[in-house]
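Colleague: Give the three-dimensional model of this entry:
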Amino acid sequence: MQLGWVPMSEAKFIGLALLVAVAPLQLLCAILGYLARDPVAATGMGVLAGTWAVIGAAWHGSGASPTPVLGTILIIGAGSLLVPIAAGLSGKVIAGLVMLGAAARFALTAAFELGISPTVDTAAGWLGIALAVLAWYAAMALEVEALHQKAVLPTFRVGAAKRAMSSSLADEIDVVGNEPGVRQQL
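Modeller: The predicted structure is shown next:
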């Protein structure tokens, strides 16, 4: 819709699709991220699930006309993504870049929703296209990595995230006793 490829009259259907397809899948990814003790994936997917659910509810309920309430929620969503972005860019670079793109897109869309600039809606749409390509690549690279148990396509892991791909199970579980939820104190 931001690029004019889909008419605004379809906003209610797109909102419903966000509510029944996008938000639940990202929520499932957040839950699996928490279970896998991956705070970058868990927090990022949780924030994205909540933000897309609000967008879906807004569009399904009243169409895609700009509203300051949605703009405010998009700013909160973009700001909330800063936590997993910072963690992701220090280890899981590809995941951090996807979330950085999502935060930038939410911020641009918020500027449109808040009436700051009507032209940023198109920029947000094009950023969404670039983000979709990056997210597709990240998913493909991580899926191929899981299949082959090694990086085949660049995932740009650094530090502990890179070591996790080559360390032994004993090395991996050695630190579990010090993690929140396992130790007695936060």
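Colleague: Now do the helices in the chain.
Modeller: Taking DSSP state H, the helices of the chain run over residues 11-17, 23-35, 39-62, 68-80, 82-89, 93-113, 120-148, 159-164, 169-174.
Colleague: Okay, angle between the third one and helix 82-89 too, please.
Modeller: Spelled out, that is helix 39-62. For helix 39-62 against helix 82-89, the angle by axes from the mean of the first three to the mean of the last three CA atoms, to 10 degrees is 140 degrees.
Colleague: Tell me the helices and strands packed up against helix 39-62.
Modeller: The contact analysis (3 or more CB pairs under 8 Å, 6 or more residues apart in numbering; DSSP states H and E) places helix 39-62 against helix 11-17, helix 23-35, helix 68-80, helix 82-89, helix 93-113. From N, CA and C alone the C-beta is placed, and that goes for glycine too.
Colleague: re earlier: figure out which of the helices of the chain is closest to Leu3.
Modeller: Closest to Leu3 of the helices of the chain is helix 120-148 (CB to CB; 3.9 Å).
Colleague: Averaged pLDDT, the closest one. What do you get?
Modeller: For helix 120-148, mean pLDDT rounds to 93.
Colleague: Can you give the distance of it from its chain's centre?
Modeller: Put simply, helix 120-148 sits 10 Å off its chain's centre (CA atoms, centre = their mean, to the nearest Å).
Colleague: which ones are touching the residue nearest to Gly63 when sequence neighbours are not counted?
Modeller: Nearest non-adjacent residue to Gly63, counting by CB to CB, 6 or more residues apart in numbering: Ala11, 4.5 Å away. By CB atoms under 8 Å, 6 or more residues apart in numbering, the contact list for Ala11 reads Met1, Trp59, His60, Gly63, Ala64.
Colleague: so where is the chain shaky, pLDDT-wise?
Modeller: Scanning the chain with the threshold set as pLDDT under 70 gives 171-172, 180-181, 183-186.
Colleague: hang on, the earlier thing: mind putting the contacts of Ala11 into JSON lines with neighbour count and distance to Arg163?
Modeller: Output for the contacts of Ala11, formatted as JSON lines (neighbours: other CB atoms under 10 Å; distance: CB to CB, whole Å):
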{"residue": "Met1", "neighbour count": "15", "distance to Arg163": "43"}
{"residue": "Trp59", "neighbour count": "24", "distance to Arg163": "43"}
{"residue": "His60", "neighbour count": "18", "distance to Arg163": "44"}
{"residue": "Gly63", "neighbour count": "15", "distance to Arg163": "49"}
{"residue": "Ala64", "neighbour count": "22", "distance to Arg163": "45"}
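Colleague: Quickly check these for the two that are furthest apart.
Modeller: Met1 and His60 (13.1 Å).
Colleague: Make sure Met140 is actually in contact with Leu153.
Modeller: Yes. Counting by CB atoms under 8 Å, Leu153 is a contact partner of Met140 at 6.7 Å.
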